[in-house]
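> pasted the sequence and its predicted model underneath.
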Amino acid sequence: MLRAFSKQEKKVISIISSLEAVKLLGLFLVMPIFTVYGQLYTTSGVLVGVAFGIYGLAMAIFQFPFGHLSDRIGRKKSLVIAMIPFIVGNLICWHPGNIYMLIAGRFIAGAGAVSSITVAFIQESVGVERRNLAMAFLGISIGASFMLGIIMGPLISAIIGIGNIFLLTAILGAVSLLPLISISEHRPLENIKEEGKPMLKGVEKSSIGLGMVSFFASALMYSYFYFVSQYHEQFASKFNLTVMLLVPVIVGGLISLYFARLADKGKLIKISYASLAFLAASVPLVFLVPYFFISGYSVMLSSIAFFAGYGSYEIVFPTLVARLSSSNYGSNLGAYNTLQYIGELVGGVIAGYFVGSSINSLGVLSITAVLLAFILSSFAVLKYSVKDNKGLGLVLTS
């Protein structure tokens, strides 16, 4: 995949993709077992949901400002600044003492919002004709981090303890900054001209619309992991959680990688819709089937559609945002990511409210209805977001 790039482009893509993947690895490691960790400090399902999802609220608040800051002072400086709260917040979560400190630690860690910076860094470091390919590589790195974290999280927590995963995450965050020393950034002329403009100037309609789709998908993702963790504790504790997630992660990941290749061959819009179709199908499969057919295997099989859809969404939607943005990648991706991370908070709260600490029929029916409405709405939002954009032809034919 990297053979199409120059030596300098390969270096930038590899280092920035690795930084993003390492940071997200820390997030994904705790995701499958966070519900259990939160319940060590409170019996309130809602507070656990807030602690789980408030990371997304912080990312929502700081993603756009950091994206805009990187347009003004540069990507490298902004990355270093953004990683500081991420490291500090995870150290607080390591030994929070109570649920409120855990919530505070998660919020501080989430304030380390780098996604819009890393995507913008890669976008402007390669030629226009190779940006979709570069984004596919970044997406694959994120997808690999996602799969590895989900699989390894329960295993590592069993060995070193759930709390120590936060310490490990802080260390990984610090180490991931070291390779930045060896690369330089390229500031395109159009971005330099835009530096003095207000923060909201240059944010395009398509970025807001796609951000709403991301809001819906992220709400589903956080609800999924809250539910699966609670389901494992309540109904399938004898079934290894890693084993429960391993098959769907692998199968879903392979489908996502196949979709990534198709997207890079000019089918980006079609794959975007396909990822949403998988997510829509996954909602009743994930929340209803395991409850009415209680078994670790029912979770395993039902989750394949979720991982295929979410993995594909993570790969293609940031690419779509960047391709439909004429300039100011940091601000546009920041707006997109802001809505994405608000969705994470909403998903955590929804799951905490409907699922809580005891799964029941009313809860699973309610959360299924809400999340299915979210995902079905995203089809219309996606269509609206891309229909009038002048860059659409490039997306469909390049």
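Received, thanks.

> alpha carbons only for contacts and neighbour counts from here, please
OK.

> low pLDDT regions in the stretch 201-350 of the chain?
The stretch 201-350 of the chain contains residues with pLDDT under 70 at 201-202, 264, 326-330.

> tell me which strands and helices whichever strand or helix holds Gly53 is in contact with?
Gly53 is part of helix 45-73, with elements assigned from DSSP states H and E. Packing partners of helix 45-73 (3 or more Cα pairs under 8 Å, 6 or more residues apart in numbering; DSSP states H and E): helix 34-38, helix 75-94, helix 99-110, helix 115-123, helix 189-194, helix 205-235, helix 329-354.

> and the shortest one, what does it pack onto?
Applying 3+ Cα pairs under 8 Å, 6+ apart, one finds that helix 34-38 contacts helix 45-73, helix 205-235.

> most tightly packed of the ones you listed?
Ranked by mean neighbour count under mean count of other Cα atoms under 10 Å, the helices and strands packed on helix 34-38 are led by helix 45-73, which reaches a mean of 26.

> from Ala322, how far out is Ser331?
Applying Cα to Cα, to the nearest Å, the value for Ser331 to Ala322 is 11 Å.

> who's more crowded, these two?
Comparing Ser331 with Ala322 by other Cα atoms under 10 Å, the one with more neighbours is Ser331, at 30 against 23.

> any idea how far that one is from Ile250?
According to Cα to Cα, Ser331 stands 34 Å off from Ile250.

> and if you look at Val289?
21 Å.

> quick one: low-confidence parts of the stretch 1-150 of the chain?
Applying pLDDT under 70 to the stretch 1-150 of the chain flags the ranges 1-4, 128-133, 135-136, 139, 143.

> try it again at 80.
Along the stretch 1-150 of the chain, the parts satisfying pLDDT under 80 run over 1-5, 26-27, 56, 63-64, 116, 119, 123-124, 126-144, 146-147.

> picking that back up, chain center to the helix holding Gly53, what's the gap?
Its chain's average C-alpha position is 12 Å from that of helix 45-73, according to Cα atoms, centre = their mean, to the nearest Å.

> what is the orientation angle of it with helix 205-235?
150 degrees (axes from the mean of the first three to the mean of the last three Cα atoms, to 10 degrees).

> and the angle from helix 45-73 to helix 99-110?
20 degrees.

> and the angle from helix 45-73 to helix 329-354?
For helix 45-73 against helix 329-354, the angle by the same axes, to 10 degrees is 180 degrees.

> so who does Ile171 touch?
For Ile171, the contacting residues are Ile87, by Cα atoms under 8 Å, 6 or more residues apart in numbering.

> what's the nearest residue to Pro96 if we skip its chain neighbours?
Computed as Cα to Cα, 6 or more residues apart in numbering, the closest residue to Pro96 that is not its neighbour in sequence is Leu102, at 5.1 Å.
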